[in-house]
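**Q** Output the structure for:
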Amino acid sequence: MDTMKRTVAVALSGGIDSAVAAALLKKEDYRLIGLYFQTGYEFSPGGSTASRPFSRVNPWPLRAAEQIGIPLEVIDCSKAFEMEVVRYFIDTYRSGQTPNPCMVCNQRIKFGLMLERAKALGASALATGHYARIRQEANGQYRLLKGVDMAKDQSYFLARLSRKQLSRVMLPLGAYTKKQVREMAEAWGFTAFAEGESQELCFIRQPSYKDFLCSLAGFTRKPGPIVNTRGEILGQHRGLHAYTVGQRRGIGIPGAEPFYVIRLDSEQNRLVIGAKSELAACQCTVTDINWIGTEPPDRPISVQTRIRYRHREAESVLTPLGPDRAVVRFCEDQYAITPGQAAVFYQGERVLGGGWIAGHFHNPHPSGFE
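**A** Below you'll find the predicted structure:
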């Protein structure tokens, strides 16, 4: 296809990654439309809110679009973002789990609403600045692959995308390292106005997510007992929303060795703490699995499983419990497996899919399998 006749929408966030992604596509003679989605939680460097005009609240995407020489469309996603991402974040903490809002935002907003808007504007694809790759196989299936920069790879955050979404996504930065992207940004002069690295929780202006939750009308703290793994009461917690599995600081219980959060018992409103060794688990249950470019397995398969973004994938065996549920057993114990977080499955550089961690089981055998 003649790329001069192909229109691609590119998501401009205001950072150097999205600006370089757009510039690379422009260099290849694609016809580009810049897209920026408003969440309703924008704020300017001076601290003002999104009630001000877009150009004054967040001028960086506009400047990037002007410098690259492409039009910019601003999409108001505030209502959908509130319902799909922020409410999910709040409800997950209320349930005693730890949310992953970036995974949900990618699936439902960036590659949901934005992709639909891109199609309505005549674009055949939506490009972003994610460090991951997409490859179409000879059979027409689309595969999601890791980015070449292992330190920056963001394939984990895209594991909830459907096959249909992947078929309309372009990831220009997947074949580059972050160092190379920075060098291109400097050469093109983007560093003079770009925001830099994106913040993980873009909708939180407060010092922490705990302050954000407590600022919400109707969100009440529910203090309760802190117990050890034997059920002995050691103190009082200030609300389960203030803790996450694996947390060490801020528990407030002295001991000969540091205490860690082992589990959030939402049914009895108990915070379960213990030694670091008690965080070790040999397996977990994963639900609502999204399979990418492959059919759900009907027998156990060997995979590498990543249980959070900054986690190095671990060798494991996935045993299906149905088309979208599985038990994952690790070859070596893993620490701080956290209900509510995403488990993403790899075979080499290829992403097989990902789902939500629903529970974990502590390992009675410290050495792993027995």
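**Q** C-alpha only now, for contacts and for neighbours.
**A** Noted.
**Q** got the contact list for the nearest residue to residue 109 once chain neighbours are set aside?
**A** In space, and not counting its chain neighbours, residue 109 is closest to residue 81: 7.0 Å by C-alpha to C-alpha, 6 or more residues apart in numbering. Contact partners of residue 81, counting by C-alpha atoms under 8 Å, 6 or more residues apart in numbering, are 39, 40, 105, 109.
**Q** Next up, phi/psi of the first one, please.
**A** Reported as degrees, to the nearest 10, the phi and psi values for residue 39 are phi -90, psi -20.
**Q** re the thing from before, mind giving me a markdown table with the contacts of residue 81 and columns for pLDDT, distance to residue 98 and secondary structure?
**A** Below are those laid out as a markdown table (pLDDT from 0 to 100; distance: C-alpha to C-alpha, whole Å; DSSP: H, G, I helix; E, B strand; the rest coil):
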| residue | pLDDT | distance to residue 98 | secondary structure |
| --- | --- | --- | --- |
| 39 | 91 | 21 | coil |
| 40 | 89 | 23 | coil |
| 105 | 96 | 15 | helix |
| 109 | 96 | 20 | helix |
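**Q** what's the following helix or strand after the one helix or strand in the chain whose mean pLDDT sits lowest?
**A** Scoring the helices and strands of the chain by mean pLDDT, DSSP states H and E places helix 54-57 at the bottom, with a mean of 52. As assigned by DSSP states H and E, the chain's next helix or strand after helix 54-57 is helix 60-68.
**Q** Buried residues, that following helix. List them.
**A** Judged by neighbour count (16 or more other C-alpha atoms under 10 Å), helix 60-68 contains these buried residues: 60, 61, 62, 63, 64, 65, 68.
**Q** min pLDDT across these, which one?
**A** Across these, the smallest pLDDT goes to residue 60, namely 84.
**Q** how near is that residue to residue 36?
**A** Distance check for residue 60 against residue 36: by C-alpha to C-alpha, to the nearest Å, it reads 10 Å.
**Q** Now for the two: what residues contact both?
**A** residue 13.
**Q** For residue 224, which residues are in contact?
**A** Per C-alpha under 8 Å, 6+ apart, neighbours of residue 224: 236, 237, 238, 239, 269, 270, 271.
**Q** tell me the SS of the first one?
**A** Read it as residue 236. Following DSSP: H, G, I helix; E, B strand; the rest coil, we place residue 236 in the strand state.
**Q** Now do it against residue 284, distance only.
**A** For residue 236, the distance to residue 284 - C-alpha to C-alpha - is 28 Å.
**Q** Would you reformat the contacts of residue 224 as a markdown table and include pLDDT?
**A** A markdown table is the format used below for those (pLDDT from 0 to 100):
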| residue | pLDDT |
| --- | --- |
| 236 | 96 |
| 237 | 95 |
| 238 | 91 |
| 239 | 91 |
| 269 | 94 |
| 270 | 96 |
| 271 | 96 |
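**Q** Serialize the residues you listed to TSV and add fields for distance to residue 122.
**A** Below are the contacts of residue 224 laid out as TSV (distance: C-alpha to C-alpha, whole Å):
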residue	distance to residue 122
236	57
237	53
238	51
239	49
269	51
270	53
271	52
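**Q** Residue 146: which of those residues is nearest?
**A** residue 271 (36.4 Å; C-alpha to C-alpha).
**Q** Which other helices and strands does whichever helix or strand that closest one is part of contact?
**A** Element membership for residue 271 (DSSP H and E) is strand 270-274. Under the contact definition 3 or more C-alpha pairs under 8 Å, 6 or more residues apart in numbering; DSSP states H and E, strand 270-274 sits against strand 224-228, strand 260-265.
**Q** and residue 300, what does it touch?
**A** Per C-alpha under 8 Å, 6+ apart, neighbours of residue 300: 317, 318, 319, 320.
**Q** swap that for residue 214, sorry
**A** 220, 221.
**Q** Check the spacing between it and residue 18 real quick.
**A** Distance, residue 214 to residue 18, using C-alpha to C-alpha: 33 Å.
**Q** Kindly report the same for residue 320.
**A** 37 Å.
**Q** Just the terminal-to-terminal distance for stretch 142-155.
**A** Where stretch 142-155 begins and where it ends lie 14 Å apart, using C-alpha to C-alpha.
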